[in-house]
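Enquirer: 3D model of this:
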Amino acid sequence: MPDLNLAYKDETFLTYVAHPLAKKPYPGVVVIHDALGMSTDIRNQCDWLAKHGYLAAAPDLFSGRSFFGCMFTIIKELNKRSGPVFDKVELTKQYLLNHPTSNGKVGVIGFCFGGGFAIILSAGYGFDSASVNYGPLPKNAHDTLKNACPIVGSYGAMDRTLKGTADRLEEILTDHHIVHDVKEYKNTDHSFMNNHDPREVPMFIKVISKVFGGGAYHADSTIDARSRIISFFDKTLR
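Expert: Next up, the predicted model:
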């Protein structure tokens, strides 16, 4: 499907929507992109979900810019837990819920920046399930996730930026008796599920990835993680 423009105040924001061919009705999934914003990879993530029977919609939260182009604004909004990025996610969620094919349930999936955002959105934002992929935990994560929806999380053991995050998330969700599936993959780094077109990756992102580690797509881990996510969504959204 061509990109969709959803209305937000006096402007619109780009949203990619992928329709499944499965029998109606079906669940919706809001897809939160990584720091590269709207990309071929994030569209492919939506298409993958659609093939498994989910109406997937990915809003462009950066309005065509990069994360670093609006970093301070984004961080401020995430800390406040409100602002345009939250509004755009809510509008996308409402689009899915009000779609004539909806079964009344919507999940959220995020990668890197989007994974951290998905953790925040898992509690108190009306989602029925969340897929967190190498997302950092927010401050006061134990309290934040007290009433979280079911969460499936995937991390890379070689990710130097998120050491111990998978174990901490597992501990928190277990403490709160939240339905979950958290797995850390050996010999796997950050962003292992994002198979970006090299032409869409700015040079400074490549440099940062080399300095801090990460950014390596890992096919075997991706296959396993995707299988777990679909299985988890099938149980929590259908």
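
Enquirer: what sits up against stretch 163-179?
Expert: Stretch 163-179 is contacted from outside by 119, 132, 136-137, 141-142, 145-151, 153, 155, 180, 182-184, 236, using C-beta atoms under 8 Å, 6 or more residues apart in numbering. C-betas here are computed from N, CA, C, even on glycine.

Enquirer: Export that stretch to PDB, keeping only CA atoms.
Expert: What follows is stretch 163-179, C-alpha atoms only, in PDB (Å, rounded to 0.1, in the frame of the first residue of the first chain):
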ATOM      1  CA  LYS A 163      24.800  -5.100  29.000                       C
ATOM      2  CA  GLY A 164      22.600  -6.800  31.500                       C
ATOM      3  CA  THR A 165      19.400  -5.200  30.100                       C
ATOM      4  CA  ALA A 166      17.800  -8.500  29.100                       C
ATOM      5  CA  ASP A 167      18.300 -10.000  32.600                       C
ATOM      6  CA  ARG A 168      17.000  -6.800  34.300                       C
ATOM      7  CA  LEU A 169      13.900  -6.800  32.100                       C
ATOM      8  CA  GLU A 170      13.300 -10.500  32.800                       C
ATOM      9  CA  GLU A 171      13.600  -9.800  36.600                       C
ATOM     10  CA  ILE A 172      11.200  -6.800  36.500                       C
ATOM     11  CA  LEU A 173       8.500  -8.600  34.500                       C
ATOM     12  CA  THR A 174       8.800 -11.700  36.700                       C
ATOM     13  CA  ASP A 175       8.500  -9.600  39.800                       C
ATOM     14  CA  HIS A 176       5.300  -8.000  38.500                       C
ATOM     15  CA  HIS A 177       3.900 -11.300  37.100                       C
ATOM     16  CA  ILE A 178       3.700  -9.900  33.600                       C
ATOM     17  CA  VAL A 179       3.400 -12.400  30.800                       C
END
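
Enquirer: residues of that stretch that come out buried?
Expert: 165, 166, 169, 170, 172, 173, 178 (16 or more other C-beta atoms under 10 Å).

Enquirer: closest to residue 103 among those residues?
Expert: Closest to residue 103 out of the buried residues of stretch 163-179 is residue 178 (22.3 Å), distances taken as C-beta to C-beta.

Enquirer: Kindly list the single helix or strand of the chain that scores lowest on mean pLDDT.
Expert: Ranked by mean pLDDT, DSSP states H and E, the weakest helix or strand in the chain is helix 203-212, scoring a mean of 62.

Enquirer: Parallel or antiparallel, which strands does the lengthiest strand in the chain pair with?
Expert: The longest strand of the chain (DSSP state E) is strand 102-111. Strand 102-111 has the following strand partners under DSSP bridges: strand 26-32 (parallel), strand 129-133 (parallel).

Enquirer: out of the ones you listed, which comes closest to residue 198?
Expert: Nearest of the strands paired with strand 102-111 to residue 198, taken as C-beta to C-beta: strand 129-133 at 20.5 Å.

Enquirer: ok now that closest one, how far from the chain's centre?
Expert: Its chain's average C-alpha position is 6 Å from that of strand 129-133, according to C-alpha atoms, centre = their mean, to the nearest Å.

Enquirer: what does stretch 57-69 give?
Expert: From the chain centre to the centre of stretch 57-69 is a distance of 13 Å (C-alpha atoms, centre = their mean).

Enquirer: Give me the contacts around that stretch.
Expert: With C-beta under 8 Å, 6+ apart as the criterion, stretch 57-69 contacts 4, 6, 13-18, 28-38, 42-43, 45-46, 70, 74, 85, 88-89, 91-92, 95-96, 113, 202, 204.

Enquirer: now these: which count as buried?
Expert: 6, 13-18, 28-38, 42-43, 45-46, 70, 74, 85, 88-89, 91-92, 95-96, 113.
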